[in-house]
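J.: just coords:
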């Protein structure tokens, strides 16, 4: 990908050619046998698969083609324990604790907002291939369990698909994390960032776009064709300003003083 990167399927990471060649030379089995070609030259000779772009595509194989473009699929299917019929879980305390926290704390006991949050989570899990096109942002004081709730979501989405970021990282110049994760969690969203035109434009593209151009130091812009799902939180006492017809943010103020113990 990008003409100068390799993907290690064993360690699940990208590697530069020099790194591969160096590790190859350090192989103890080669101490008394000088290699005739470098490791990367050998990989090319055995015709390893080549892809054009990276993507996160739920339901697609590890390498797939679409419209003449070959993709490396970074999305990893979440692994869950086998679930029994729903009736067996109706009164399970592990489930009621989570649902009660969403309803009574994060949604302030409001039935409508509770159903909205449940519907958002259910839709994300049932249709990971669909672009939600809006992010969810919680505003509250500290200690109401936003981070705990995000930990639950990461387990549902698949930990390897998720990353925790600062707002500056999310809207910054270099966004390497976009190559490795498709669920983005931002614990400290700064309302001032919404007033910065450049950061606002970057955020807009991340929220509802399906074509992204990622900049890496000393490397040409890399194109990513996929969508990202964003959850955010802020402890700022002054609510964020939202435009009258804002449709890319589901903003929820949590005013409950019930804290987790």
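T.: Noted; the coordinates are in hand. Remember, predicted model here, so these are calculated numbers, not experimental data.
J.: Could you grab the helix/strand/coil label for residue 77?
T.: coil (DSSP: H, G, I helix; E, B strand; the rest coil).
J.: Let me see the contact set for it.
T.: Contact partners of residue 77, counting by Cβ atoms under 8 Å, 6 or more residues apart in numbering, are 58, 158. (Each C-beta comes from the backbone N, C-alpha and C, glycine too.)
J.: wait, isn't residue 226 in contact with residue 182?
T.: Yes - with contact defined as Cβ atoms under 8 Å, residue 226 counts as touching residue 182 (6.5 Å).
J.: Please enumerate the shared neighbours of those two.
T.: residue 56.
J.: the more surrounded of those two?
T.: residue 182 (25 against 22; other Cβ atoms under 10 Å).
J.: how near is that one to residue 252?
T.: 23 Å (Cβ to Cβ, to the nearest Å).
J.: And for residue 44?
T.: On the measure of Cβ to Cβ, residue 44 and residue 252 end up 52 Å apart.
J.: Can you give me the pLDDT of the residue nearest the centre of the chain?
T.: The centroid of the chain falls nearest to residue 183 when counting by Cα atoms, centre = their mean (2.2 Å). pLDDT recorded at residue 183 is 97.
J.: With the one 10 residues further on instead?
T.: Looking at residue 193, its pLDDT is 58.
J.: Neighbour count for residue 44 and residue 252, which is higher?
T.: Set residue 44 next to residue 252 and count neighbours by other Cβ under 10 Å: residue 252 wins out with 18 against 12.
J.: Quick check: which element contains the more buried one?
T.: Here residue 252, judged by DSSP states H and E, is contained in strand 249-253.
J.: List the strands paired with that strand, with their directions.
T.: Strand 249-253 pairs in its sheet with strand 135-139 (parallel), by DSSP bridges.
J.: need the strands for the stretch 1-150 of the chain, in chain order.
T.: 6-8, 13-15, 53-55, 63-66, 69-73, 135-139 (DSSP state E, counting those that start in this stretch).
J.: now those in TSV, with mean pLDDT?
T.: Formatted as TSV, those follow (pLDDT from 0 to 100):
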stretch	mean pLDDT
strand 6-8	88
strand 13-15	84
strand 53-55	90
strand 63-66	93
strand 69-73	93
strand 135-139	90
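J.: tell me the most buried of those?
T.: Of all the strands of the stretch 1-150 of the chain, strand 135-139 has the most neighbours on average by mean count of other Cβ atoms under 10 Å, namely a mean of 22.
J.: How confident was the prediction at residue 146?
T.: Each residue has a pLDDT score; the one for residue 146 is 87.
J.: wait, it sits on residue 137?
T.: No - using Cβ under 8 Å, residue 146 makes no contact with residue 137, being 10.2 Å away.
J.: any common contacting residues for those two?
T.: residue 233.
J.: circling back to that earlier point, can you verify my assumption that the residue nearest to the centre of the chain contacts residue 164?
T.: No - look at residue 183 against residue 164 with Cβ under 8 Å: they stay out of range, at 10.0 Å.
J.: how about the strand holding residue 252: buried residues?
T.: 249-252 (16 or more other Cβ atoms under 10 Å).
J.: Check what contacts it and list those residues.
T.: Taking Cβ under 8 Å, 6+ apart as the rule, strand 249-253 contacts 106-108, 113, 116-117, 120, 134-140, 207, 239-240, 242.
J.: Which of those are buried, as a PyMOL select command?
T.: Remark: buried members of these, expressed as a PyMOL selection using 16+ other Cβ under 10 Å:
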select buried, resi 106+107+108+113+117+120+134+135+136+137+138+139+140+207+240
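J.: Please, where are all the helices along the chain?
T.: Using DSSP state H, the helices of the chain run over 17-25, 39-45, 93-101, 111-126, 146-157, 167-170, 197-208.
J.: Now do the buried residues in the third one.
T.: Neighbour-count burial for helix 93-101 flags residue 101 (criterion: 16+ other Cβ under 10 Å).
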